[in-house]
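K.L.:
Okay, sequence plus prediction incoming.
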Amino acid sequence: MHLVCPAGSPPALKAAIDNGADAVYVGFRDQTNARAFPGLNFTEVDLVNGIAYAHGRGRKVYVALNTYPGPAGLGAWRAAVDRAASLGVDAIICADMGVLDYAARRHPGLARHLSVQGSATTHAALRYYRERFGIARAVLPRVLSIQQVERLCEREIVPLEVFAFGSLCIMVEGRCQLSSYVTGASPNRHGVCSPAKFVRWDEEPDGVRRVSLNGRLIDRFAPHEPAGYPTVCKGRYAVGGETFHALEEPTSLNTLELLPRLQAAGVVALKIEGRQRGQAYVASVTNVWRQAIDRLRTRPQGWSPDAAWQRELARHAEGHQTTLGPYHRSWH
């Protein structure tokens, strides 16, 4: 299994490569990628240097063009496809059918991966994307159980990649109606579920911190309580006389214990979420997963996650908690 790691900056790209990533995924500094933060992502010069660094060490670079253009914006996405091809990236990661169609016709030799935001969860969907757009790989959404992943792998329609660690999403992978309802801004093209200009933190006299999104109270945190970045789905709400995380708890996906099962299923690549995270996160998480994959390859019998690996991953998790999320369900 290949290890695909995030790089939101040149230092993060080097950290991922130096710690064992087989490939990194990056974005341009515009709305063609779903992490369009100010100060994040790559200029063309950055990417030229990053590709040289990765290729010089036998690794790959993928460019995420994974957002959905509006009716008047397709030209910018087509230009981004052309730019990625001219720079010599190893693959582009796309969700929009118009972008995939353009890439397939204009640059047939450039590998096309279906983004998680394409939300392909059936054999029929995977077959359609392969036959119509010639995708070389599909990234599965984080809403599937491990049994569903195994069933999708059985037919071998197209090589499959799954998220292994990082932030969870309960919506249709980045096309969140909750966030856009509260802020009026598309999380798909503004780089984050809660754009920074809508976020406000206030501290009360007793040290309690209040966080609001566009004037709507999302959560309150005790003085020493870990506080993650505020999103609508991970806020606490008063429901039926109780105040709790009504939609999703602020925890991170961690599938390390499922590694042998994912390998046995035929998953070809494991993706680490977090292009918005810093160099230290990328280095640490990449290093842990590199060790785990290598140990499974060389000593598969009796493999189990090292306790030190789990402690290190928990340090970088939202709320310092991890979960298997939808991978593990009590119902099928």
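P.N.:
Here it is on my side, so go on.
K.L.:
for the closest residue to Thr322 other than its chain neighbours, what are its contacts?
P.N.:
Leaving aside its chain neighbours, Thr322 sits nearest to Asn254 (3.6 Å; criterion: C-beta to C-beta, 6 or more residues apart in numbering). Where C-beta positions appear, they are placed from N, C-alpha and C, glycine not excepted. Shown in contact with Asn254 (C-beta atoms under 8 Å, 6 or more residues apart in numbering): Ala164, Phe165, Gln310, Leu313, Ala314, Ala317, Thr322, Thr323, Leu324.
K.L.:
Reformat those residues as a markdown table; add distance to Arg261 and secondary structure.
P.N.:
Formatted as a markdown table, the contacts of Asn254 follow (distance: C-beta to C-beta, whole Å; DSSP: H, G, I helix; E, B strand; the rest coil):
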| residue | distance to Arg261 | secondary structure |
| --- | --- | --- |
| Ala164 | 12 | strand |
| Phe165 | 16 | strand |
| Gln310 | 17 | helix |
| Leu313 | 18 | helix |
| Ala314 | 21 | helix |
| Ala317 | 21 | coil |
| Thr322 | 17 | strand |
| Thr323 | 17 | strand |
| Leu324 | 11 | coil |
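K.L.:
and those, which are buried?
P.N.:
Buried subset of the contacts of Asn254 (neighbour count, 16 or more other C-beta atoms under 10 Å): Ala164, Phe165, Leu313, Ala317, Thr322, Thr323.
K.L.:
The fifth one against His316, yeah?
P.N.:
Which is Thr322. No - using C-beta atoms under 8 Å, Thr322 is not in contact with His316, being 9.4 Å away.
K.L.:
can you name the farthest residue from the center of this protein?
P.N.:
In the chain, the greatest distance from the average C-alpha position (C-alpha atoms, centre = their mean) is reached by Pro205, at 37.7 Å.
K.L.:
Specify the local secondary structure of it.
P.N.:
Following DSSP: H, G, I helix; E, B strand; the rest coil, Pro205 is assigned to coil.
K.L.:
Can you report phi and psi for it?
P.N.:
Pro205 adopts backbone torsions of phi -60, psi -30, taken as degrees, to the nearest 10.
K.L.:
and it, what pLDDT?
P.N.:
pLDDT for Pro205: 93.
K.L.:
hey, where'd the strands end up in the stretch 51-200 of the chain?
P.N.:
Along the stretch 51-200 of the chain, counting by DSSP state E, counting those that start in this stretch, strands occupy 60-65, 91-94, 111-114, 137-139, 160-167, 199-203.
K.L.:
ok, back up a step: would a markdown table of the buried ones among the contacts of Asn254 with distance to Leu213 and pLDDT be doable?
P.N.:
Output for the buried ones among the contacts of Asn254, formatted as a markdown table (distance: C-beta to C-beta, whole Å; pLDDT from 0 to 100):
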| residue | distance to Leu213 | pLDDT |
| --- | --- | --- |
| Ala164 | 29 | 96 |
| Phe165 | 26 | 95 |
| Leu313 | 28 | 95 |
| Ala317 | 22 | 85 |
| Thr322 | 25 | 80 |
| Thr323 | 23 | 81 |
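K.L.:
hmm, which two among the contacts of Asn254 are most spread apart?
P.N.:
Farthest pair in the contacts of Asn254 (C-beta to C-beta) is Ala164 and Ala314. Separation: 14.8 Å.
K.L.:
quick one: low-confidence ranges for this protein?
P.N.:
Counting by pLDDT under 70, the chain contains low-confidence residues at 170-175, 191, 319-320, 329-332.
K.L.:
Need the single longest helix in it, by residues.
P.N.:
helix 279-298 (DSSP state H).
K.L.:
Just the CA atoms of that one, as PDB, please.
P.N.:
Only the C-alpha atoms of helix 279-298 are listed here, as PDB (Å, rounded to 0.1, in the frame of the first residue of the first chain):
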ATOM      1  CA  GLN A 279       5.100  20.700   9.200                       C
ATOM      2  CA  ALA A 280       5.300  19.000  12.600                       C
ATOM      3  CA  TYR A 281       2.000  17.200  12.100                       C
ATOM      4  CA  VAL A 282       3.000  16.000   8.700                       C
ATOM      5  CA  ALA A 283       6.400  14.700   9.800                       C
ATOM      6  CA  SER A 284       5.000  12.900  12.900                       C
ATOM      7  CA  VAL A 285       2.000  11.300  11.300                       C
ATOM      8  CA  THR A 286       3.800  10.300   8.200                       C
ATOM      9  CA  ASN A 287       6.600   8.700  10.200                       C
ATOM     10  CA  VAL A 288       4.200   6.600  12.300                       C
ATOM     11  CA  TRP A 289       2.300   5.300   9.300                       C
ATOM     12  CA  ARG A 290       5.500   4.500   7.400                       C
ATOM     13  CA  GLN A 291       6.700   2.400  10.300                       C
ATOM     14  CA  ALA A 292       3.300   0.600  10.500                       C
ATOM     15  CA  ILE A 293       3.100  -0.200   6.800                       C
ATOM     16  CA  ASP A 294       6.700  -1.400   6.700                       C
ATOM     17  CA  ARG A 295       6.300  -3.600   9.700                       C
ATOM     18  CA  LEU A 296       3.200  -5.100   8.200                       C
ATOM     19  CA  ARG A 297       5.000  -5.800   4.900                       C
ATOM     20  CA  THR A 298       8.100  -7.400   6.600                       C
END
